[in-house]
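Q: Attaching a predicted model along with its sequence, questions to come.
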Amino acid sequence: MSATKQKTVYETVIGLEVHVQLKTDSKIFCSCSTEFGGAPNTHTCPVCIGLPGTLPVLNKKAVEYAVKAGLALNCNICDYSKFDRKNYFYPDLPKAYQISQYDKPVGEDGYIEIEVEGEEHKIGITRIHLEEDAGKLIHEGTIDFSTGSLVDYNRSGVPLAEIVSEPDIRTPAQAREYLVQLKSIMEYLGVSDCNMEEGSGQKEFGIKTEVKNMNSFKAVEKALSFEVQRQKKILDSEKKVVQETRAWDEDLEETISMRGKEEAHDYRYFPEPDLVPLEISREWINEIKEDLPELPRVRKKRFIEEYGLPEYDAGVLTDTRALADLFEDAAAAHNEPKAVSNWIMSEHLRKLNEEELSPGESKVKGRQIGELLNLIEDDTISSKIAKDVFEKMFITGQDPEQIVEEEGLKQISDEGQLEAIIEEVIDENPEVVEDIKNGKDKAVGYLVGQIMQKTKGQANPQKANRMLRENIKKD
Amino acid sequence: MKIYEMSAGELLDKKENGELDTEDILNAFRERIDEVEDRVRAFITVSEKEVSEELADMETGGELEGIPLAVKDNMSTADMETTCASKILQGYNPPYDAAVIEQIRKQGGVIAGKTNLDEFAMGSSTENSAFYPTRNPWNLDHVVGGSSGGSAAAVAAGEVAAALGSDTGGSIRQPASFCGVVGMKPTYGNVSRYGLIAFASSLDQIGPLTRNVEDSARILNVISGHDKRDTTSVDREFPDYMEFIKEDVSGMKIGVPREYFAVDFDKEVEKTVKDSLEVLQEAGAQIEEVSVIEPEYALAAYYIIAPAEASSNLARFDGVRYGSRSAAEDVSSMFTRTRSEGFGEEVKRRIMLGTYALSSGYYDDYYLKAQKVRTLIKDRFAELFSGYDLLVSPTSPSTAFKIGAEKDLMEQYRADIFTVPVNIAGIPAISLPCGFEPGAAGWFSDYGASLWRRSYSADRLYPGTEVKHRAETRTLEN
């Protein structure tokens, strides 16, 4: 009897390291601006370009943000924390060491909850620590033929929080959801914009290999899927997966080996002697705790319970704090939550997409959306006109009443005025009227369309429809 | 008395009563530099500013108005090159003044120039300068000590009235003792390190080298204080150190650490220091032998911690942003060549020692252990100072040796044995000249005795004036 070779079932184990740029006004160890997009080396000073003799001074806001993030991730905040030097040579690292945290991070032992395909998962957070970002190298010429490199230190010293997960993630989809949740939490806290393109979110992950350079959630999912398949193939052929660092190549859509274990850095961590240990008082932690906003998952639950919204709506609306706030403001002004939700999810999100704006950047206030819906409800405008009004509101940020007033968009509900127009339409379309009389009811729509055209859409369509039918019947 | 022989206090008095004006003073010291600098070589850079320009730019009404001072060339100056006596920093002009430079300028002090040192303050003879050794003004064939050798020599030779040095393991006190001047290392955290190019961040401290204790207190007054830019500088009330020089030692309890005198060192030095103890006793101090942790432990901890921090602090000199850069085909060879060519032997040795001590697998055995030893030493001294006002030890096991003398490396490091414990403990100490006699070989030697105090009590160091300078009449060799 020959042994059947069983196909091995592998378990995927993923842990993620995420770098979140904290949106403080100034850098973590000096007072230079953190603003993105300045001319190269304009947001620099002797401290952040590491001139000899300069010393770091810790930005209190950065600590506050890290504590806030740590609390939101259910971490224990350490009342004694300290900074360490991570030593390595690279032209974008002006001191040849990065001030980071090694064994006493700001927060430890937290978790976040995610939901993937209806299943809840708790992903452990090992730690959250503070560190400084490095500068940016700009290579001249092409990759094959470089004429030299330039360094821009504007980013040098921008505060980062590194959030390290436990290896609790089992699928690339979970990894993606973990990141979506994390981003949403950071956005709610107002501690980071998590804007990938500008480099405020950087991710690394490790299975047996470590993969760097994944600059979007989609890239993470793709890179992880690629890596799972790659490792499966190696294991199936009874070879060993080597421990190494790989980089995700966005164009080739595959991971590429960067360096092996032998070339791994010895960072020679040791306590940063230029900074005194960081003591975070219980009172301060409690103060920050009391100030924490309602977080996305809790808010979503409340939206379902309090407003009776479908789960899908609640999920979309609570995705960002700005959108959830907008909804609640609108629902306060217009007491039909589902109608408010519909409007935001269709009209508002469509406009945001078109204009490539984030929810926080929109000029329209929630109250104004509520008021717009009130105008539809009390027949001041039709829902069709409302869409035009909304377009204007979106661009100018004006109140809907003002737009309706200024542009004379009020719906014509006056029966005398409508009657005259209806007479006109009937006179102009005798054949259609005949058809209707002969039972071709659909043709009514055509005539209503004519009425709307003549009134530039301002006729109350329900009223026009009813009066038109009565008029034709009476003949 | 010649103008250049006067202390800052004397110069200020003469200005006060109208005998001298600032221009006379600045000219006299300029002339003195022109006269002796070729032989002494205390400076790396002498200020090229005209006396008239200095007068025009000078702040008036300050504590040091019109007093020329020299500063060690590891403190950043916006108007003068700052080299750390290293080829790697040649041509580097900092865009800012160190905190201490700001303080001195604010009080009207005039920075006469930047003084020579052992490269990056690593050494104790100033022979490790990448440029040239400084020569002892009392005997030009002998070393000045180090690493603040240029500052000690400039004061001793009358090229300036006073100077600033930095002390990581004795770098102010030991050259002060070799040159017969007063050298003071304040408590760690007393003086801002902002702008001081770091050797070992947790040990470095700036302090004055002066002709007498009064000037030492005067300058300490000017440079002490909390600086927001240095979080290791302490935020507290600072006393007026000048108030304390009037106190006498009568009734003070002075401890003489047994283990320090058990070390094998120069008998002449030992005798002179012991003579000084008698002077203190006669003045009413109560002298007692005390037991402390053997100085060997502090020395061992020091030679782990200081190189470890230095290996990281000096990593930034990579040729990318400032200083010298050696051409190479790629970035990593550029780093290697720049550093291989830019650093001297001793600096490279300490970088390697420190890199090793911090390497994974060795960290616990070396760096971590050294830090534990440090804590024990700190605690022991804190305990001792609850019972004693002062501790007294020799500053250096020997007097100034000949330039170029063959020295065993371990022997060289061992010569720091009396000074490093002070830095390890973070406490203040002052080296006072306590003897000046013709040596066996026909040259003159200075002896220094060090007085130690608990942290933040440098004030009580100044009654040490009682240890009299015995060679008041000596003049410079020509």
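A: Structure received. Numbers count the residues shown, from 1 in each chain, chains lettered A, B, ... in the order given.

Q: The spatially closest residue to A:Asp84 that is not a sequence neighbour: which element?
A: In space, and not counting its chain neighbours, A:Asp84 is closest to A:Tyr102: 3.8 Å by Cβ to Cβ, 6 or more residues apart in numbering or on different chains. Every C-beta, even on glycine, is put in place using the N, C-alpha and C of the backbone. A:Tyr102 is part of no helix or strand, with elements assigned from DSSP states H and E.

Q: One more: A:Lys387?
A: Assigned by DSSP H and E, A:Lys387 falls in helix A:383-396.

Q: What residues of that helix count as buried?
A: Within helix A:383-396, the residues that count as buried by 16 or more other Cβ atoms under 10 Å in any protein chain shown are A:Ile385, A:Ala386, A:Asp388, A:Val389, A:Phe390, A:Lys392, A:Met393, A:Phe394.

Q: same thing with stretch A:129-139?
A: Of the residues in stretch A:129-139, those buried under the neighbour-count criterion (16+ other Cβ under 10 Å) are A:His129, A:Leu130, A:Glu131, A:Glu132, A:Asp133, A:Ala134, A:Gly135.

Q: quick revisit: out of the buried residues of helix A:383-396, who's nearest chain B?
A: In terms of Cβ to the nearest Cβ, no member of those lies closer to chain B than A:Phe394, at 46.7 Å.

Q: Just the pLDDT at the closest one, thanks.
A: As predicted, A:Phe394 sits at a pLDDT of 94.

Q: what sits against it?
A: For A:Phe394, the set of contacting residues under the criterion of Cβ atoms under 8 Å, 6 or more residues apart in numbering or on different chains consists of A:His348, A:Lys351, A:Glu355, A:Ser362, A:Lys363, A:Val364.

Q: Around the residue of chain A found nearest chain B, how many other residues sit close by?
A: Closest contact between chain A and chain B, by Cβ to the nearest Cβ, is at A:Ala96 (3.4 Å). Neighbour count for A:Ala96, taken as other Cβ atoms under 10 Å in any protein chain shown: 21.

Q: Spatially nearest residue to it, not counting backbone neighbours?
A: B:Ala315 (3.4 Å).

Q: thought A:Arg302 was touching A:Glu294?
A: Yes - the pair A:Arg302 and A:Glu294 passes the contact test of Cβ atoms under 8 Å, sitting 7.3 Å apart.

Q: now check stretch B:96-111, is it near chain A?
A: Yes - in terms of Cβ under 8 Å from any Cβ of the partner chain, part of stretch B:96-111 sits within range of chain A, namely B:Tyr96, B:Ala98.

Q: tell me the average confidence for that stretch?
A: If you average the pLDDT values across stretch B:96-111, you get 98.

Q: hang on, isn't A:Thr255 packed against A:Val211?
A: Yes - contact status for A:Thr255 versus A:Val211: in contact at 5.5 Å, counting by Cβ under 8 Å.

Q: hang on, the earlier thing: and the contacts of A:Phe394, which of them are in helices?
A: Counting by DSSP state H, the part of the contacts of A:Phe394 found in helices is A:Lys351, A:Glu355.

Q: How far off centre is the helix or strand hosting A:Val180?
A: Using DSSP H and E, A:Val180 sits in helix A:172-189. Taking the mean C-alpha point of helix A:172-189 and that of its whole chain, the gap between them comes to 9 Å (Cα atoms, centre = their mean, to the nearest Å).

Q: Would you mark the buried spots in it?
A: Going by neighbour count (16+ other Cβ under 10 Å), the buried part of helix A:172-189 is A:172, A:174-179, A:181-189.

Q: cool, and stretch B:280-299?
A: Of the residues in stretch B:280-299, B:Leu280, B:Ala283, B:Ala285, B:Ile287, B:Val290, B:Val292, B:Ile293, B:Glu294, B:Pro295, B:Tyr297, B:Ala298, B:Leu299 count as buried by neighbour count, 16+ other Cβ under 10 Å.

Q: Columns secondary structure, pLDDT and distance to B:Ala28 on top of those, output as a markdown table?
A: As requested, the buried residues of stretch B:280-299 are exported to a markdown table (DSSP: H, G, I helix; E, B strand; the rest coil; pLDDT from 0 to 100; distance: Cβ to Cβ, whole Å):
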| residue | secondary structure | pLDDT | distance to B:Ala28 |
| --- | --- | --- | --- |
| B:Leu280 | helix | 82 | 35 |
| B:Ala283 | coil | 81 | 35 |
| B:Ala285 | coil | 87 | 38 |
| B:Ile287 | strand | 92 | 42 |
| B:Val290 | strand | 94 | 46 |
| B:Val292 | coil | 91 | 45 |
| B:Ile293 | coil | 92 | 48 |
| B:Glu294 | coil | 93 | 48 |
| B:Pro295 | helix | 93 | 42 |
| B:Tyr297 | helix | 96 | 48 |
| B:Ala298 | helix | 96 | 42 |
| B:Leu299 | helix | 97 | 42 |
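
Q: wait, which of the residues you listed is closest to chain A?
A: The closest of these, once distances to chain A are taken by Cβ to the nearest Cβ, is B:Ala298, at 17.5 Å.

Q: Correct me if wrong: that closest one contacts B:Pro421.
A: Yes - if you go by Cβ under 8 Å, B:Ala298 and B:Pro421 touch, sitting 3.8 Å apart.

Q: what's the spacing between the residue nearest to A:Lys351 when sequence neighbours are not counted and A:Ser382?
A: Distances taken as Cβ to Cβ, 6+ apart place A:Phe394 nearest to A:Lys351, at 4.9 Å, with adjacent residues excluded. Counting by Cβ to Cβ, to the nearest Å, the gap from A:Phe394 to A:Ser382 is 18 Å.

Q: looking at it, B:Thr126 is touching B:Gly145, isn't it?
A: Yes - under the criterion of Cβ under 8 Å, B:Thr126 is in contact with B:Gly145, at a separation of 7.1 Å.

Q: Check the contact lists of the two and give me the overlap.
A: In the contact map built from Cβ under 8 Å, 6+ apart, the residues linked to both B:Thr126 and B:Gly145 are B:Pro175.

Q: buried stuff in stretch A:438-445?
A: Within stretch A:438-445, the residues that qualify as buried are A:Ala443, A:Val444, counting by 16+ other Cβ under 10 Å.

Q: And for stretch A:403-419?
A: With burial defined by 16+ other Cβ under 10 Å, the residues of stretch A:403-419 counted as buried are A:Ile403, A:Val404, A:Leu409, A:Gln411, A:Ile412, A:Leu418.

Q: From A:Thr380, how far off is the closest residue to the fourth one other than its chain neighbours?
A: Translated: A:Gln411. The spatially closest residue to A:Gln411, leaving aside those adjacent along the chain, is A:Asn460, at 4.8 Å (Cβ to Cβ, 6+ apart). Computed as Cβ to Cβ, the A:Asn460 to A:Thr380 distance reads 10 Å.

Q: Quick check: neighbours shared by these two?
A: Here A:Asn460 and A:Thr380 have A:Gln411 as joint contacts, going by Cβ under 8 Å, 6+ apart.

Q: neighbour count winner among those two?
A: Using other Cβ under 10 Å, the more surrounded residue of A:Asn460 and A:Thr380 is A:Asn460, with 22 against 19.

Q: contacting residues around that one?
A: With the criterion set at Cβ under 8 Å, 6+ apart, A:Asn460 makes contact with A:Asp379, A:Ser382, A:Gln411, A:Ile412, A:Ser413, A:Leu418.

Q: and the helix holding A:Lys387, how far from the chain's centre?
A: Here the centre of mass of C-alpha atoms in helix A:383-396, compared against the chain's by Cα atoms, centre = their mean, lies 25 Å away.
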